[in-house]
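S.K.: what follows is a protein structure lacking sequence information:
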């Protein structure tokens, strides 16, 4: 795996041509595997003999993974993403009440209001026709970050720092000292938020988690509480940020597909689902571990191997989506795995879908001629230095009129 990340699709196609499961070398020469094929990934994500807990990570338990390993947080953070069975059900139950269909729908007016305010801000940031503005920084980021922080009761003053530290945590090219420092600071910031909510509880999710007790009186441990907040902050904004960014980029490069949405021929929900499939916001997500030697799609994954879920590859698997799987087609009625499957399916998926749908509809309704202000190239649109997240670092656009990048 290239620690510097980059666009995953060419490498995905090369690996998929060899099989649905591949052996990879993770940073630090750690041996791992990745499940790339759609059907194999669907089976793997729901398999009863696949665990998330680091107790099943053989190399970690044998002391072969050093402190500062850039992916260590994914393995060792205490929360839903690293819990199994009863612990997973307990932690998920504590958070799930904030993401019921009713609760998410209640957030719609607030999301619409924030979206409108951000669109006003976009116009102010680029007041002159032809002047470029970074859509990722001024729109795609503050919408989900603002919503998840409001849901958690996080003061707006923490948001920029939380985003920066989240980027550090998901980076795969970061050095050991930087990785440890970022994790330490993130825990400190989250600890301060918990202390504030403990002293001044409100109607937010953090206050509810602090006070949460199961019927038997079980409370979240301090490490579980911090781990849960870390997960909510990162997953609650990074995924939607990438989803909105990738969708705008795709629509600018495929004007015929944009016209279908603007004309009402397809819904904006269709646009979101095709973006999730075609350019998944998460490329390779760490980790799962087979609890026994596991045959999958003709390959045996050894017990205790750290396995990446290859969402971006599965979305373009021709075995699942046909020979035109590489084509961005908003009329394609196909489900995807990009927000997970099985017991660890993303709790925030309905919220992410709602945010992205509202964002895209309002953005292109207000600025139907919005287009990229730079060529559609890797040099002009550098990627994030991570093979976990899948998106570009910035997205310069012109709100009115095409210049470069359309095709």
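M.R.: Perfect, I can see it now. Note that the structure is a prediction, hence the values are computed from the model and not measured.

S.K.: from now on I want contacts and neighbour counts done on CA atoms only, so please keep to that.
M.R.: OK.

S.K.: which residues does residue 8 contact?
M.R.: 283, 312, 313, 387, 390 (Cα atoms under 8 Å, 6 or more residues apart in numbering).

S.K.: the second one against residue 10, yeah?
M.R.: Going back to what we said before, that points to residue 312. No - counting by Cα atoms under 8 Å, residue 312 does not reach residue 10; the two are 10.8 Å apart.

S.K.: looking at those two, which one has more neighbours?
M.R.: residue 312 (30 against 10; other Cα atoms under 10 Å).

S.K.: tell me the contacts of the more buried one?
M.R.: 8, 9, 12, 277, 278, 279, 280, 281, 282, 283, 284, 338.

S.K.: just the strands in this protein please.
M.R.: In the chain, the strands defined using DSSP state E lie at 21-26, 30-35, 50-51, 132-134, 284-290, 294-296, 299-301, 307-310, 371-372, 396-398.

S.K.: from residue 367, how far off is the residue nearest to the spatial centre of the chain?
M.R.: In the chain, the centroid-proximal residue (Cα atoms, centre = their mean) is residue 239; its distance is 2.6 Å. Counting by Cα to Cα, to the nearest Å, the gap from residue 239 to residue 367 is 24 Å.

S.K.: okay, now the unreliable bits of the stretch 151-300 of the chain?
M.R.: 213-218 (pLDDT under 70).

S.K.: so where do the helices sit in it?
M.R.: With DSSP state H, counting those that start in this stretch as the criterion, the stretch 151-300 of the chain has helices at 159-170, 176-199, 205-211, 222-253, 255-262, 268-278.

S.K.: got a list of what residue 284 touches?
M.R.: Residue 284 neighbours (Cα under 8 Å, 6+ apart): 34, 308, 309, 310, 311, 312, 387, 388, 389.

S.K.: which residues does the first one bridge with?
M.R.: Using DSSP bridges, the bridge partners assigned to residue 34 are residue 22, residue 308.

S.K.: residues in contact with it?
M.R.: Contacts of residue 34 (Cα under 8 Å, 6+ apart): 21, 22, 23, 24, 284, 307, 308, 309, 310.

S.K.: and of the residues you listed, the nearest to residue 266?
M.R.: residue 310 (27.9 Å; Cα to Cα).

S.K.: what pLDDT does the closest one get?
M.R.: Note on residue 310: pLDDT of 97.

S.K.: and it, how close does it get to residue 2?
M.R.: From residue 310 over to residue 2 (counting by Cα to Cα), the distance is 14 Å.

S.K.: more neighbours, those two?
M.R.: A count of neighbours by other Cα under 10 Å puts residue 310 above the other of residue 310 and residue 2, at 28 against 14.

S.K.: that one contacts residue 287, correct?
M.R.: No - applying Cα under 8 Å as the test, residue 310 and residue 287 come out as separate, 10.7 Å apart.

S.K.: contacts only, for residue 258.
M.R.: Here residue 258 is in contact with 251, 252 (Cα under 8 Å, 6+ apart).

S.K.: just the pLDDT for the closest residue to residue 19 other than its chain neighbours.
M.R.: Spatially, and ignoring its direct neighbours in sequence, residue 19 is nearest to residue 37 (7.5 Å; Cα to Cα, 6 or more residues apart in numbering). As predicted, residue 37 sits at a pLDDT of 98.

S.K.: same check, this time on the one 5 residues further on
M.R.: Residue 42 is assigned a pLDDT of 98 by the prediction.

S.K.: likewise the one 4 residues further on?
M.R.: At residue 46, the pLDDT value in this model is 97.

S.K.: residues near it, how many?
M.R.: For residue 46, using other Cα under 10 Å, the count is 16.

S.K.: and for residue 17?
M.R.: 12.

S.K.: do the one 3 residues further on as well
M.R.: One way to gauge burial is a neighbour count; for residue 20, by other Cα under 10 Å, it gives 24.
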